[in-house]
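Below are the sequence and a predicted model for it; my questions follow.
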Amino acid sequence: MAYGDMWAFSETHLCSKELASFNAGLEFAGSPFAPMLGGFPVPNSKDNTGAWKGVGVLSRTPVRHLPQDWPPEIACSSRAMVVTSLVDDVWITGGVVYGEPDGKHYPRRLQHNEALLQAVISSICFLSTGPRFVAGDWNVCQGELPAFDSLAQLGFKDLQDLAAERWGFLPQATCKSSTRKDFCYISPEMQELLVHVSVIDDLWPDHAVVQGHFNRLRQSVPRDVWFMPKPFPWPSDLQLPDGLWNCGDGDADAKYSHLWRMIEDSACSQLPFSVSKQAKGRAQTMTTKAVKSGKFAPVKVGRHGEFQPHFHGSSIRYAQWVRQVRRLQAFCRCRTDADVPSQHSVRVWGSVMKASGFVGSFAHWWISCPLKVHGAPSHLPWFPPCVEAATKIFESFVMNVREFEKQLKSTSRQYARLRRAQQPNMIFRDLKGSPTAGVDYLLQSLTAQVVEVREDCSIVVDPLQHWIPDRPVLCQGRTFQIIHAEEDCLWLNQVDPIVVGMIVSQLRSTGTKQDLESAFVDAWKARWDRHRNVPYDRWQTILDFARRNLRPVSMQWPSIDADLFTQIVGRKRRASAGGLDGVTVADLQQMPRNAVAAFCDIFRTAEISGEWPSQLLMGKVVCLAKTDQPSSVGDYRPITILSMLYRIWSSYQAQLAIRALDSSLPDTLYGCRPARFAGQVWSQLLWAVESSVSEGVALTGLIADLQKAFNYIPRSSDSRF
């Protein structure tokens, strides 16, 4: 097992003394592994009642515990632990669980095992980011506890299940060759790097070793992140100058960016506190930024007597603040009453003053620090302060960190997901399923049954499949290379082990950004561009008919003024999704009248010249899954979210057009009309059926639901259409 990078162990039986002895043996043998990190030590007992416990992690790189707030009965059970380690400059986080076995000594093993798993799931799956895993001997079969559903909803999958999906390897029994109770669930970030799964059943007497082989973490594909500003604390009486739209120079993009920069800067100058950088930046982002997860170090577990964190989620700013409060605590301990500070205390104070994570600098942030104890200095000295002043600074900063923890717990998405998972009454789980997170990759399993095995090293399969010639097919856990592929016939390198009735499979996977984009664009072009190559003459008959028979409708297009804009924004839901410019309904509802006038100037400029700021026209495409197990492009419904300002203008213009055309439309046309919605179609149908039955009149009709009906409408930019 010396080839692995990280191993998770269950039932180690190691107490503190035995763990130290084991690590001493590793060092003596010249092992490439760092000292093994165990969970809560197994208690010593003469009758070995506590020996059948213990969890641990052995890694080539040092491993450390993660802070957690578990109940004492779980934290001190010696059956669960959460750790993190830096592998390939990426922090990989994992949890190990050893469940209670089935026996007379554990009458409530299912309840206890569920509590152990949920505690680890909360720390690893909800409150951590990046590559993660949850492993161990859980002493329950798959699906026996609700924790398995929680892992599946969070996107975690077991190694053997992934091997079955991708390569056709049937899951093997891991416990005494009869049951499967050893699992290793990995996060989507690690699923992308998985290349092989193997099970070793001759290493330990009772349990098999489940191991996953991955590409190096440094080869992980970065995520394209579009920066979105956080909510801004707008002042209630924001004062802005007039003529904001005409203040900037350059094209519409530059003027729109300058407009929001002026609004945010003016708001910051009118607030009594500093605004974080994350809350600013509306209309400034123009492209995505490649980001790799797992790049910042989680908060360390504090030593005895050291500051202990109460927030256990992922936050770079919080990690910086925890390190700063521990620096201050260390400075208070090393600073003596002597007039001349020691060299060590000088270096520690220098680290305090140069700490990152504060607006401007720590000294600048301290001037406007919201919470200070009595007697704390108003300004931080550059020379190391005395013990009394340092203690006041430390106590004040602890208060600010605790307040920051409360804010993070109330605003963190990780804690929000955790609260909803722990309190099912917060969401209607019986009525609404868990939403999908979007499209990270497409996995489509191609399977067919062998109906004939031929002597020319080929097999005939049913049903037909679009096989990938350069990828192997799997049958009964064995791999067969394709020499030539047809939809109903495969020529393989060998066919001796294959008999009629067996199932052959192949996994069609699309995971890179370029492949996903190509797959969706190709599928959508086939629908939306179906009329692109149709000659214009083919439409001439319809156009001539329209000119002869359809009477012109006079329409008025008044511009939006400030009062009308305020009314439209007031009717919008505050929870409506904002666009890529970062402007939300909550932002627009806090704008003063001169800012609203600037937005109306943008509309008037666009109506006259057709020139829009590109920030308003860029849309975010969200793919909503139409099935529980989406595997192809057709299983997703694309929803495009444009900027809030453009949606306000476009919805207003659409309402004007609908009202102008309403008098010319037939009464039986429903949908997108005042007092005529699509649900009334069924009311009319029911009334017609009632009338037919009651009066004995024959009724004949046709109901048709055209799939992708609107995709049959041409989308040509030519003015004649």
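Received, thanks.

from here on, contacts and neighbour counts on C-alpha atoms
Noted.

So for the longest helix along the chain, what gets flagged as buried?
Ordering each helix of the chain by length in residues (DSSP state H) puts helix 387-411 first. Neighbour-count burial for helix 387-411, counted by 16 or more other C-alpha atoms under 10 Å, picks out 387, 389-398, 400-401, 404-405, 408-409.

Where does pLDDT dip in this structure?
45-51, 248, 412-444, 477, 508-513, 628-631, 707-721 (pLDDT under 70).

any idea how it splits into domains?
Per automatic domain parsing, the domain ranges recorded for the chain read 6-220, 222-272+551-664, 316-417, 442-509.

in stretch 673-689, what counts as buried?
residue 689.

CA-only coordinates of that stretch in PDB, if you can.
The C-alpha trace of stretch 673-689 is given here as PDB (Å, rounded to 0.1, in the frame of the first residue of the first chain):
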ATOM      1  CA  ARG A 673     -53.000  38.500 -23.200                       C
ATOM      2  CA  PRO A 674     -54.900  40.600 -20.700                       C
ATOM      3  CA  ALA A 675     -57.500  38.500 -19.000                       C
ATOM      4  CA  ARG A 676     -56.700  35.600 -21.400                       C
ATOM      5  CA  PHE A 677     -54.300  33.100 -19.900                       C
ATOM      6  CA  ALA A 678     -53.400  29.600 -21.100                       C
ATOM      7  CA  GLY A 679     -55.300  27.800 -18.300                       C
ATOM      8  CA  GLN A 680     -58.600  29.100 -19.700                       C
ATOM      9  CA  VAL A 681     -58.200  26.700 -22.600                       C
ATOM     10  CA  TRP A 682     -59.100  23.800 -20.300                       C
ATOM     11  CA  SER A 683     -62.000  25.700 -18.900                       C
ATOM     12  CA  GLN A 684     -63.400  26.100 -22.400                       C
ATOM     13  CA  LEU A 685     -62.900  22.500 -23.200                       C
ATOM     14  CA  LEU A 686     -64.600  21.300 -20.000                       C
ATOM     15  CA  TRP A 687     -67.600  23.600 -20.600                       C
ATOM     16  CA  ALA A 688     -67.800  22.200 -24.200                       C
ATOM     17  CA  VAL A 689     -67.800  18.600 -22.900                       C
END
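
hmm, who's touching that stretch?
If you take C-alpha atoms under 8 Å, 6 or more residues apart in numbering as the criterion, stretch 673-689 is touched by 658-659, 662, 669-672, 699.

tell me which residues of the one helix or strand residue 521 maps to are tucked away?
When elements are assigned from DSSP states H and E, residue 521 belongs to helix 513-528. For helix 513-528, burial by neighbour count (16+ other C-alpha under 10 Å) applies to 516, 524, 527-528.

Quick one: distance of stretch 641-656 to the chain centre.
29 Å (C-alpha atoms, centre = their mean, to the nearest Å).

What are the contacting residues of it?
In contact with stretch 641-656 (C-alpha under 8 Å, 6+ apart) are residues 555-557, 560, 568-569, 577-581, 583-585, 599, 603, 615-622.

Sort out which of those residues are in strands and list them.
620-622 (DSSP state E).

Counting neighbours, which of those end up buried?
Using 16+ other C-alpha under 10 Å as the burial test, the ones in strands among the contacts of stretch 641-656 include residue 620 as buried.

just curious, which of the ones in strands among the contacts of stretch 641-656 is nearest to residue 194?
residue 622 (26.6 Å; C-alpha to C-alpha).

Helix, strand, or coil at the closest residue to that closest one other than its chain neighbours?
Of all residues not flanking residue 622 in the chain, residue 639 sits nearest, at 5.1 Å (C-alpha to C-alpha, 6 or more residues apart in numbering). In the three-state summary, residue 639 is assigned as strand, counting by DSSP: H, G, I helix; E, B strand; the rest coil.
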